[in-house]
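Participant: got a structure for you, letters missing:
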């Protein structure tokens, strides 16, 4: 993997990047996430050892995510100008809904139009918060979202649009004075009624990467996510005017198309490389348009006849998979099973084949927004998509667009929960050679309280989440409690009660249904530590 090329910093942004570098250095010197002890600061012999591998681990580790969109107030906030308290209340409700739906991850639209849904020294506040770009909402939405998501046992992924600046009206006509396009107007390319940062300008690539790394370094996000907006979707009669950057930087390429693809490839490599250097437990992935190329164009493409992201948006997802410059792909398979031009089953098979053996995870982008349309009616409209793709070995989960559409289609969500999400799921693990960064959870207790059991434990400084398991009748009888056999018997998928970021969890199952509880800690990579001692509410 290549290192990030050195690019001359434009004078208008040099001071800001100096601020980012200083903040990053301060964070690096003060980071406590990866401490090796328990909540009392004591050493733990499990830290640094390899996580125990169980045959059923893959059955309980699954991406169950939803996009939470901020651009044009599609999901959240419901309208610009709400008070900070009203915005937080709405966000809390969405996070609560995610838990109730059986999800375990939320993809928050963090940078919708080269602006910020978080406190930034690089780009102005997004106008979707206050109604005015640059308007301070009075709190940090991303900081709040990360804290509240983790408390509920949800991952929080920061979703970035790397190049979109927005619509001419109202976005570009009302840019804040400190917007990067105001300070660097040569970065902007107008295309139809929208504006984009020029992917062929090396300064743009370095800027976008710096913005992303500012978030990675300052916030405990679980992932960095791109959607399908690279070069713009084609419009009849429109040309993307990147002549200046093509003439200056495209000399080594046979065609402008190859050069454009390389521009996007470079951004992907740079972002992935820098995340790996800073916080390798942060996953980096992309949700491309569902068709890479049709087999009529390229014999190795999918059996489809639709827009090709390789040629239209210069997004060569296959290269990213083969190079390992993404940790996962979540193609937007927004077509129903049996659709002539782009059959969901055929595309799920094609993408499964693309990731097979690469180490890149595959999640399916699901079209919750289409519920109620032709081909998407009935309570099982989402479930029947997963009935097929969920049986493919390479598919490790799903992400839904968008969470508001799920909220508005309770029957489809209820059917999905019953058919596919009846049990909770641990978040997908990020591969690591570091060994465990957490250890055994101590102080576990289980107290019967009427028809429920309150499980509590001592929090660990190095835990990101906790998983609670209810042991079946007989518990771990006859097993060495410190053996791999006992660990795997305890953490079987059918025993999982829930995942949380807090140090308590309520189980509503009858006490007679189990033989006590064990708790495990999940580290920053979402690797699972050893089981605790058994806590039995009846003892």
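Facilitator: That came in fine, so what should we check first? None of these values were measured; they are calculated from a predicted model.
Participant: break this structure down into its structural domains.
Facilitator: As assigned by automatic domain parsing, the chain contains the domains 32-61+437-539, 66-163+197-420.
Participant: in what helix or strand does the residue nearest the centre of the chain lie?
Facilitator: By Cα atoms, centre = their mean, the chain has its centre lying nearest to residue 157, at 3.6 Å. According to DSSP states H and E, residue 157 maps onto strand 155-160.
Participant: with residue 378 instead?
Facilitator: Secondary structure from DSSP H and E places residue 378 outside every helix and strand.
Participant: and it, backbone torsions?
Facilitator: phi 90, psi 150 (degrees, to the nearest 10).
Participant: tell me which residues touch residue 382, please.
Facilitator: 366, 368, 371, 400, 412-413, 415-416 (Cβ atoms under 8 Å, 6 or more residues apart in numbering). Placement of C-beta: from N, CA and C, glycine included.
Participant: same check on residue 95?
Facilitator: 106, 145, 148-149, 152, 154.
Participant: lowest average confidence across the domains of the chain, which one?
Facilitator: Sorting those by mean pLDDT places domain 32-61+437-539 lowest, at a mean of 90.
Participant: centre of the chain to it, how far?
Facilitator: 25 Å (Cα atoms, centre = their mean, to the nearest Å).
Participant: coming back round to it: who does the strand holding residue 157 pair up with?
Facilitator: Within its sheet, strand 155-160 is paired with strand 105-111 (parallel), strand 223-226 (parallel), according to DSSP bridges.
Participant: which residues are contacting the longest one?
Facilitator: I take that to be strand 105-111. Here strand 105-111 has contacts from 63-71, 75, 94-95, 98, 116-118, 123, 126, 142, 145, 149, 154-161, 211-212, 215, 222-223, 225, 399, 403, 427, using Cβ under 8 Å, 6+ apart.
Participant: would you mind listing the buried residues in stretch 379-391?
Facilitator: By 16 or more other Cβ atoms under 10 Å, the buried positions in stretch 379-391 come out as 379-386, 389-390.
Participant: quick check: the two most widely separated of the residues you listed?
Facilitator: Spatial extent of those (Cβ to Cβ) is set by the pair 379 and 389 at 18.5 Å.
Participant: where's residue 189 relative to residue 516, distance?
Facilitator: Separation of residue 189 from residue 516 (Cβ to Cβ, to the nearest Å): 62 Å.
Participant: rewinding a little: out of the contacts of strand 105-111, list just those in strands.
Facilitator: 63-68, 155-160, 223, 225, 399 (DSSP state E).
Participant: host element of the residue nearest to residue 188 when sequence neighbours are not counted?
Facilitator: Closest residue to residue 188 apart from its sequence neighbours, by Cβ to Cβ, 6 or more residues apart in numbering: residue 181 at 4.8 Å. Assigning secondary structure by DSSP H and E places residue 181 in helix 180-183.
Participant: distance from that helix to the middle of the chain?
Facilitator: 28 Å.
Participant: the helix or strand that that helix is followed by packs against which elements?
Facilitator: Helices and strands here follow DSSP H and E; after helix 180-183, the next one along the chain is strand 188-191. Packing partners of strand 188-191 (3 or more Cβ pairs under 8 Å, 6 or more residues apart in numbering; DSSP states H and E): strand 194-197.
Participant: how much space between residue 523 and residue 529?
Facilitator: With Cβ to Cβ as the criterion, residue 523 and residue 529 are 7 Å apart.
Participant: any shared contact partners between those two?
Facilitator: With Cβ under 8 Å, 6+ apart, residue 523 and residue 529 have common neighbours 436, 438, 463.
Participant: so can I have CSV of those residues showing distance to residue 57 and neighbour count?
Facilitator: Listed next are the shared contacts of residue 523 and residue 529 as CSV, based on distance: Cβ to Cβ, whole Å; neighbours: other Cβ atoms under 10 Å:
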residue, distance to residue 57, neighbour count
436, 14, 24
438, 16, 31
463, 18, 24
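Participant: I figured residue 130 hits residue 136, correct?
Facilitator: Yes: between residue 130 and residue 136 there is a contact under Cβ atoms under 8 Å: 7.3 Å.
Participant: okay, the two: which has more neighbours?
Facilitator: Applying other Cβ atoms under 10 Å to residue 130 and residue 136 shows that residue 130 carries more neighbours, namely 19 against 13.
Participant: ok, that one - contacts?
Facilitator: Here residue 130 is in contact with 80-81, 136-137 (criterion: Cβ under 8 Å, 6+ apart).
Participant: what about 10 Å?
Facilitator: Contacts for residue 130 were tallied using Cβ atoms under 10 Å, 6 or more residues apart in numbering; they are 77, 80-82, 84, 87, 136-138.
Participant: buried ones among these?
Facilitator: 77, 80, 82, 84, 87, 137.
Participant: my guess is the fifth one contacts residue 141. True?
Facilitator: Yes: in terms of Cβ atoms under 10 Å, residue 87 counts as a neighbour of residue 141; the distance is 6.8 Å.
Participant: any shared contact partners between the two?
Facilitator: The contact sets of residue 87 and residue 141 overlap at 76-77, 129 (Cβ under 10 Å, 6+ apart).
Participant: just send these back as CSV, with distance to residue 330 too.
Facilitator: Listed next are these as CSV, based on distance: Cβ to Cβ, whole Å:
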residue, distance to residue 330
76, 20
77, 25
129, 26
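Participant: now, among those residues, which is nearest to residue 346?
Facilitator: Closest to residue 346, out of all of those and judged by Cβ to Cβ, is residue 76, at 34.4 Å.
Participant: list the contacts of that closest one.
Facilitator: By Cβ under 10 Å, 6+ apart, the neighbours of residue 76 are 68-70, 82, 87, 90-91, 93-94, 108-109, 117, 128-129, 141, 145, 402-404.
Participant: need the phi and psi values for it.
Facilitator: In terms of degrees, to the nearest 10, the main-chain angles of residue 76 are phi -150, psi 140.
Participant: switch to numbering from 58
Facilitator: Got it, first residue is 58 now, which makes that one residue 133.
Participant: for stretch 359-373, measure first residue to last.
Facilitator: From its first residue to its last, stretch 359-373 covers 14 Å (Cα to Cα, to the nearest Å).
Participant: for stretch 123-137, that is, sorry about that
Facilitator: Termini of stretch 123-137 sit 22 Å apart (Cα to Cα).
Participant: now stretch 439-455
Facilitator: Using Cα to Cα, the two ends of stretch 439-455 sit 11 Å apart.
Participant: one step back: check which helices and strands the helix holding residue 238 is in contact with.
Facilitator: In this structure, helix 237-240 packs against helix 68-87, strand 221-224, strand 245-248, strand 251-254, helix 259-275, with contacts taken as 3 or more Cβ pairs under 10 Å, 6 or more residues apart in numbering; DSSP states H and E.
Participant: what about residue 115, distance to residue 450?
Facilitator: In terms of Cβ to Cβ, residue 115 sits 9 Å off from residue 450.
Participant: no wait, residue 272
Facilitator: Taking Cβ to Cβ, one finds residue 272 at 33 Å from residue 450.
Participant: more crowded one of those two?
Facilitator: Per other Cβ under 10 Å, whichever of residue 272 and residue 450 has more neighbours is residue 272, with 20 against 9.
Participant: chain neighbours aside, what residue packs nearest to residue 374?
Facilitator: Among residues not flanking residue 374 along the chain, residue 345 sits closest, at 4.8 Å (Cβ to Cβ, 6+ apart).
Participant: isn't the one you found right up against residue 385?
Facilitator: No: at 11.4 Å, residue 345 does not count as touching residue 385 under the criterion of Cβ under 10 Å.
Participant: what's the local residue count around residue 513?
Facilitator: Neighbour number of residue 513 under other Cβ under 10 Å is 18.
Participant: report the beta-bridge partners for it.
Facilitator: residue 502, residue 561.
Participant: what segments of the stretch 358-507 of the chain are helices?
Facilitator: For the stretch 358-507 of the chain, the helices defined by DSSP state H, counting those that start in this stretch occupy 366-369, 374-380, 401-412, 440-446, 460-464, 467-477.
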